[in-house]
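# A predicted structure for the sequence below; I have some questions about it.
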Amino acid sequence: MPAEPPIDTPRTLFEAYELLAAGPTRPIAGATDVMVQITGELGPIPERLLDLSRIGELKGIDLTGDGLLVGAATTYTDMRRSALCREHLPALVAAAATIGAAQIQNRGTLGGNIANASPAGDTLPVLLAADAVILVGGQRGEREVSAGEFFTGYRQTALAPDELILQVRFPLPVGRQMRFRKVGTRRAQAISKVVLALAWRDLGPRGWADVRVALGSVAPTPIRASGSESVLEGARPTPQVADRAAETLAGELSPIDDVRSTADYRRAVAARVLHRLLRDAGGW
Amino acid sequence: MSTVRFLVNGSPAEVEAPGMRRLLDVLREDLGLTGTKEGCGEGECGACSVLLDGQVVDACLVPICQVEGRIVRTVEGLALAARQRGELDTLQEAFLEHGAAQCGICTPGMLMAARAYLDAGGGADGPAIREAIAGNLCRCTGYTKIVDAIAAVAEPHAG
């Protein structure tokens, strides 16, 4: 049987902060990642755990003047069912729908996807493309970290050991469009080979503005592809522009070969996915 | 160790267990409910699917501390009322009728995932059924007969 390390179950955020400050402990919410780690087959087993599932403040989805607010312990199923998410951030709903299958979506949370910081985390390119802001907190207070600054290295984040992810804020600029595409071995239960989110605002004759091309599974962290963004900024999604953006993307990515795919495949597929999304946007 | 209380198949359960013990092990080892199978033990195969507050989950991925005060339904509780009459649940009947079970290891999980889908109002639409059981692997049937069985139960009240 797997290891059964001690776990604390705080009822309030205040208690959770105290337990976090008291010593090393690994926060869990839906537990879908950690329950695999306690088998010990993937590396060291966490020595102590902190169950966040009873803390109401971490749940819920809300719309304010600052954007769409999604609590860290919101599950993928919650996001898929949320009228607010479906209306204001369908790309996040699309990403949530590609994760695992019903069993995982009913348990896994947005905060867990972020804290786990896998380069293949399927919601993470959406966060980058949406200029999302991650609210973190602890006994020392709360602070906001932009998604772009959050993922600092392979499975490394800007989160301090005594801090928790509380909420994600997605600004909702007028006219922004976003598309999401994941490529895996099958439609469900697949870890991504390539995942891509594309965002832009269409200024008509002045072309696209605020273009974001964000990818997962092609680098040690989720990344933005600044070269292809520059190609698209101020441009229109014509066949020529799409060709150039796709070529630029293939040139600027340095993915690796691993058990799920090869560097060549990832580079080629990322470029084709971007090309296809631009073709759809251009209507040609 | 801590005391965890919850309802399983309509009856109160109380176990002394470490909070990180898997719901799967509590069901099988502590409560003797061996209808729930262990397949991969890492959330890939769905063999251990049970309902937690009506939602389908992999019992291998749920620490028992998160089950305190909640409602669990396993394959043993799929058809309490029907079983008291010596019958099976309509879903179980449909699986028999359509040949939707062969070796049987996926069957309890498949039934629970299908039950969650039907309880949420799912219809006889093939792609929707396939999505609902996408987290449950079957290496025998090729899925078609399973999808047919679920559709047969859905049909009367599907739109």
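Perfect, I can see it now. Numbers count the residues shown, from 1 in each chain, chains lettered A, B, ... in the order given.

# how much space between residue B:93 and residue B:9?
19 Å (C-beta to C-beta, to the nearest Å). Glycine gets a C-beta too; all of them are placed from N, C-alpha and C.

# the more surrounded of those two?
residue B:9 (19 against 16; other C-beta atoms under 10 Å in any protein chain shown).

# domain ranges for the chain?
Let's take chain A. A:7-51, A:58-170, A:176-282 (automatic domain parsing).

# think we crossed wires, I meant chain B
If you go by automatic domain parsing, chain B breaks into B:2-77, B:80-157.

# mean pLDDT lowest where, among these?
Per-stretch mean pLDDT for the domains of chain B is lowest at domain B:80-157 (a mean of 92).

# that one near chain A at all?
Yes - applying C-beta under 8 Å from any C-beta of the partner chain, one finds that domain B:80-157 is in contact with chain A at B:113, B:116, B:117, B:131, B:132, B:134, B:135, B:136.

# report the contact partners of residue B:141.
B:99, B:100, B:101, B:102 (C-beta atoms under 8 Å, 6 or more residues apart in numbering or on different chains).

# please report which of those has the highest neighbour count.
residue B:100 (27 neighbours).

# possible to save the domains of chain B as TSV with distance to residue A:199?
Formatted as TSV, the domains of chain B follow (distance: least, C-beta to C-beta, whole Å):
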stretch	distance to residue A:199
domain B:2-77	31
domain B:80-157	26
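
# how about the residue most central in space within chain B, what does it touch?
Chain B has residue B:112 as the residue nearest its centroid, 2.6 Å off, counting by C-alpha atoms, centre = their mean. Counting by C-beta under 8 Å, 6+ apart, residue B:112 touches B:49, B:50, B:51, B:56, B:73, B:74, B:75, B:78.

# ok, and of those residues, which contact chain A?
Within the contacts of residue B:112, those near chain A by C-beta under 8 Å from any C-beta are B:49, B:56.

# what would the contacts of residue B:112 look like in JSON lines with secondary structure and neighbour count?
Formatted as JSON lines, the contacts of residue B:112 follow (DSSP: H, G, I helix; E, B strand; the rest coil; neighbours: other C-beta atoms under 10 Å in any protein chain shown):
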{"residue": "B:49", "secondary structure": "strand", "neighbour count": "32"}
{"residue": "B:50", "secondary structure": "strand", "neighbour count": "30"}
{"residue": "B:51", "secondary structure": "strand", "neighbour count": "23"}
{"residue": "B:56", "secondary structure": "strand", "neighbour count": "29"}
{"residue": "B:73", "secondary structure": "strand", "neighbour count": "22"}
{"residue": "B:74", "secondary structure": "coil", "neighbour count": "25"}
{"residue": "B:75", "secondary structure": "helix", "neighbour count": "24"}
{"residue": "B:78", "secondary structure": "coil", "neighbour count": "22"}
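
# just send the contacts of residue B:112 back as CSV, with distance to residue A:182 too.
Formatted as CSV, those follow (distance: C-beta to C-beta, whole Å):
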residue, distance to residue A:182
B:49, 23
B:50, 28
B:51, 28
B:56, 22
B:73, 32
B:74, 32
B:75, 32
B:78, 33
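
# residue in chain A nearest to chain B?
residue A:101 (2.8 Å; C-beta to the nearest C-beta).

# and that residue, how far from residue A:58?
In terms of C-beta to C-beta, residue A:101 sits 24 Å off from residue A:58.

# neighbour-wise, which of these two wins?
Neighbour totals were compared for residue A:101 and residue A:58, and residue A:101 leads with 25 against 22 (other C-beta under 10 Å).

# can you map out the helices along chain B?
B:23-25, B:80-84, B:90-98, B:107-119, B:126-132, B:144-154 (DSSP state H).

# out of those helices, flag the one nearest residue A:180.
helix B:126-132 (17.2 Å; C-beta to C-beta).

# so what's residue B:47 up against?
B:37, B:38, B:39, B:40, B:105, B:106, B:108, B:109, B:136, B:137.

# near the closest residue to it other than its chain neighbours, how many other residues are there?
Spatial nearest neighbour of residue B:47, chain neighbours left out: residue B:39 (3.2 Å); criterion: C-beta to C-beta, 6 or more residues apart in numbering or on different chains. Neighbour count for residue B:39, taken as other C-beta under 10 Å: 19.

# next one: residue B:39 from chain A, what distance?
12 Å (C-beta to the nearest C-beta, to the nearest Å).

# surely that residue meets residue B:137?
Yes - using C-beta atoms under 8 Å, residue B:39 is in contact with residue B:137, at 7.3 Å.

# tell me, what's touching those two both at once?
Between them, residue B:39 and residue B:137 share the contacting residues B:45, B:46, B:47, B:106, judged by C-beta under 8 Å, 6+ apart.

# would you format the residues you listed as CSV with distance to residue A:47 included?
Listed next are the shared contacts of residue B:39 and residue B:137 as CSV, based on distance: C-beta to C-beta, whole Å:
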residue, distance to residue A:47
B:45, 29
B:46, 30
B:47, 29
B:106, 35
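
# done for today, thanks.
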